[in-house]
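In: Task: produce atomic coordinates for the following.
(one chain, ligands or ions: 2)
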Amino acid sequence: MFDVTRYAAAADEIVQAGRFLYQRGWSPATSSNYSARIDGEHIAITVSGRHKGQLGAGDVMVVDLAGRAVQSNCRSSAETRLHTVLYELFPDVGAVLHTHSVKATVLSRLIDSGQALVLEGYELQKAFAGVETHESVLSVPVFENTQDIDALAEETREWFRAHPEQPGYLIRGHGLYTWGRTMADCLRHVEAFEFLFECELETMRVRP
Ligand SMILES: CSCCC(=O)C(=O)COP(=O)(O)O
Ligand SMILES: [Zn+2]
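Out: Ligands and ions are numbered 1, 2, ... in the order given. You can find the predicted model right below:
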């Protein structure tokens with residue numbers, strides 16, 4: 001069982017995040033999904049197919065860390081397992097956001113298969129929790145897109161088990177996943193990634 005007050009607080013954070021991310025153009029149409037931790041075994045997550053700029057409390061449901069719906073007849077996000085593996089892997093993660101911006105989508109298609117996007121030399125890298133200097137190297141893996149979410153979830157589990165300090169990943173032609181200790185941290189990470197993606201794309205444009 002979960003605490004209803006904590007669920008309500010998590011749902012409210014998700015609704016507010018949806019408004020912000022939709023307004024920024026990073027969650028168009030019914031794309032994207034968001035979650036927030038309720039306790040050690042439960043998360044609040046968006047219901048599948050809902051418009052993320054117009055979320056209400058009824059568009060956020062509870063699942064356990066195996067991805068099973070708790071006290072709801074709704075279908076949770078099709079990508080629920082991509083969220084739950086992160087909560088399983090990192091007990092201090094409190095929120096996970098998945099977005100579908102143009103820049104994340106285009107950049108993910110420009111990185112060679114098997115390669116990661118390497119970010120280094122940017123002062124804004126310090127927006128990521130635990131990063132102290134522009135001299136740090138962030139490695140953003142690009143996973144191939146698939147409709148087999150369970151398989152992709154296991155791929156991400158293995159990669160991040162080996163690289164726990166990295167703050168996000170791309171899915172080719174699809175979008176970004178990032179997380180944080182709090183929803184505010186997580187939103188800051190989305191914003192930082194968007195800035196860095198734009199820098200990378202602009203650098204490729206002027207220096208092909
Ligand atoms: C309309 S975008 C295709 C599905 C997707 O990638 C997504 O992020 C939204 O899926 P959900 O089941 O969470 O609504
Ligand atoms: Zn998606």
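In: When you work out contacts or count neighbours from here on, use the C-alpha atoms and nothing else.
Out: Will do.
In: Residues of this structure that sit close to ligand 1?
Out: Taking Cα under 6 Å from any ligand atom, the part of the chain that reaches ligand 1 is made up of 30, 31, 32, 33, 48, 49, 50, 77, 78, 79.
In: redo that, cut-off 5 Å
Out: Near ligand 1, the residues belonging to the chain are 30, 31, 32, 33, 48, 49, 77, 78 when assessed by Cα under 5 Å from any ligand atom.
In: May I have the predicted confidence score for the nearest residue to residue 175 once chain neighbours are set aside?
Out: Beyond its immediate neighbours in the sequence, the residue positioned closest to residue 175 (Cα to Cα, 6 or more residues apart in numbering) is residue 100, lying 4.5 Å away. In this model, residue 100 is scored at 98, pLDDT.
In: Please tell me I have it right and residue 100 contacts residue 27.
Out: Yes. Residue 100 lies in contact with residue 27 (Cα atoms under 8 Å); the separation is 5.3 Å.
In: Apart from its neighbours in sequence, what residue is nearest residue 99?
Out: With sequence-adjacent residues excluded and distances taken as Cα to Cα, 6+ apart, residue 99 is closest to residue 32, at 4.8 Å.
In: contacting residues around that neighbour?
Out: If a contact means Cα atoms under 8 Å, 6 or more residues apart in numbering, then residue 32 has 52, 97, 98, 99, 100 as its contacts.
In: What about it? Give its phi and psi, please.
Out: The phi and psi values for residue 32, taken as degrees, to the nearest 10, are phi 80, psi 160.
In: and it, what pLDDT?
Out: 98.
In: With residue 177 instead?
Out: The predicted structure lists residue 177 with a pLDDT of 99.
In: Specify the beta-bridge partners of it.
Out: According to DSSP bridges, the partner residues bridging residue 177 are residue 98, residue 169.
In: Relative to residue 170, how far out is it?
Out: Distance from residue 177 to residue 170, counting by Cα to Cα, to the nearest Å: 6 Å.
In: So which of those two has more stuff around it?
Out: Neighbour count, other Cα atoms under 10 Å: between residue 177 and residue 170, residue 170 has more, with 26 against 22.
In: The residue nearest to residue 175: how many residues sit nearby?
Out: Neighbouring residues of residue 100 were enumerated by other Cα under 10 Å; the total is 25.
In: So what does it look like in phi/psi?
Out: As for residue 100, its main-chain torsions (degrees, to the nearest 10) stand at phi -130, psi 50.
In: That one and residue 187: what is the separation?
Out: If you go by Cα to Cα, the gap between residue 100 and residue 187 works out to 14 Å.
In: now swap in residue 142 and tell me
Out: Spatial separation of residue 142 from residue 187 under the definition Cα to Cα is 20 Å.
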